[in-house]
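1. Task: produce atomic coordinates for the following.
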Amino acid sequence: MDRNKTNISATISGSFNKYFGQIKQKVLEFEQQGISVLSPKPSEPVLRKGSFVILESDKGTPREIELTHLKAISQSDFLYIVNPRGYIGKSVAFEIGYAFSRNIPVYSLERPKDPVFCFLIKPEKSIQAIKEALRTREGERAENLLSKRELTLNQLQDFVQSMIRKRGFEKETMHDVLLLLIEEMGELARAVRGFTGLKISRRQLEKCENLGEELADCLIYLVDLANLADIRLEDAFREKEATNSKRRWLSRKVKDSVA
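-> From the prediction side, this is the model:
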């Protein structure tokens with residue numbers, strides 16, 4: 001799997017009833033500049049229910065379509081509002097609030113008419129300026145995460161993803177990272193030998209004194225693999241432990257002592 005999926009992604013909101021042509025054009029502009037638009041997908045209107053516009057690519061009821069759009073916002077690096085003359089309707093206002101609840105930055109085509117939104121949204125027509133702002137924000141976020149005394153697994157995954165991009169390793173594939181992890185496991189094995197004093201030369205011992213560093217290297221590559229596979233380790237751990245808790249376990253050492 002390639003890391004292209006980790007490129008910048010966006011969701012575009014606006015009044016489909018009033019400005020669908022401008023929204024469609026903005027989708028094309030973003031895609032041409034290497035920004036993946038998660039919603040809406042390139043499509044044409046097929047039905048209107050009141051002021052709600054349904055596209056060819058939409059599936060389900062209006063409620064389900066809106067929930068799909070909100071999910072896209074939660075998975076995006078930013079939300080972009082197409083608002084000619086500063087107009088922001090009720091549904092778009094709701095989507096802006098949802099983006100802020102998820103700590104997702106919001107940009108707009110024009111300065112909003114509503115003064116409250118002026119404090120929350122940055123008008124920006126330059127796609128390059130948005131990219132630069134996101135890179136800066138990502139770097140600051142990564143530094144803030146690392147300064148915390150404790151990190152959750154999700155925060156650790158976010159930090160590793162930012163670090164990978166910052167250091168220019170985004171071209172590495174799952175196959176590449178797996179090989180690197182296997183190599184680090186070998187380093188960890190040697191470090192454990194040195195830590196336990198198991199049959200190791202003085203030269204090897206000097207190289208393997210820091211067991212913590214080797215464990216950290218393995219953790220970084222393991223987290224990197226999870227990111228490449230779009231797996232949240234915390235969720236995977238909870239699901240696996242729920243399965244494990246229903247099994248009966250017997251230590252091999254206990255079994256041998258009983259025999």
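
2. For the stretch 1-150 of the chain, which segments count as strands?
-> 9-14, 36-39, 45-49, 52-55, 78-82, 106-108, 122-123 (DSSP state E, counting those that start in this stretch).

3. quick one: the helix or strand where Ala189 lies to chain centroid distance?
-> Per DSSP states H and E: Ala189 is located in helix 174-196. The chain centre lies 27 Å from the centre of helix 174-196; the measure is Cα atoms, centre = their mean, to the nearest Å.

4. So which elements touch it?
-> helix 202-207, helix 211-228 (3 or more Cβ pairs under 8 Å, 6 or more residues apart in numbering; DSSP states H and E). Any C-beta I mention is one placed from the backbone N, CA and C, and that applies to glycine too.

5. again, only this time at 6 Å
-> The contact analysis (3 or more Cβ pairs under 6 Å, 6 or more residues apart in numbering; DSSP states H and E) places helix 174-196 against helix 211-228.

6. Can you tell me what sits against the helix or strand just after the helix it packs on?
-> Stepping forward along the backbone from helix 211-228, the first helix or strand reached (DSSP H and E) is helix 233-244. By Cβ atoms under 6 Å, 6 or more residues apart in numbering, the residues outside helix 233-244 that reach it are 153-154, 226.

7. Swap in 8 Å and give it another go.
-> By Cβ atoms under 8 Å, 6 or more residues apart in numbering, the surrounding residues in contact with helix 233-244 are 152-154, 157, 223, 226.

8. ditto for stretch 20-35
-> 7-10, 12, 14, 16, 36-37, 40, 42, 45, 53, 80, 82, 84, 109, 127-128, 131.

9. and if we set it to 6 Å?
-> Residues contacting stretch 20-35 (Cβ under 6 Å, 6+ apart): 8, 10, 12, 14, 37, 82, 127.

10. So what's the residue count around the second one?
-> What that stands for is Ala10. Using other Cβ atoms under 10 Å, Ala10 has 25 neighbouring residues.

11. Can you mark which positions in stretch 103-113 are buried?
-> If you call a residue buried by 16 or more other Cβ atoms under 10 Å, then stretch 103-113 has these buried ones: 104-110, 112.
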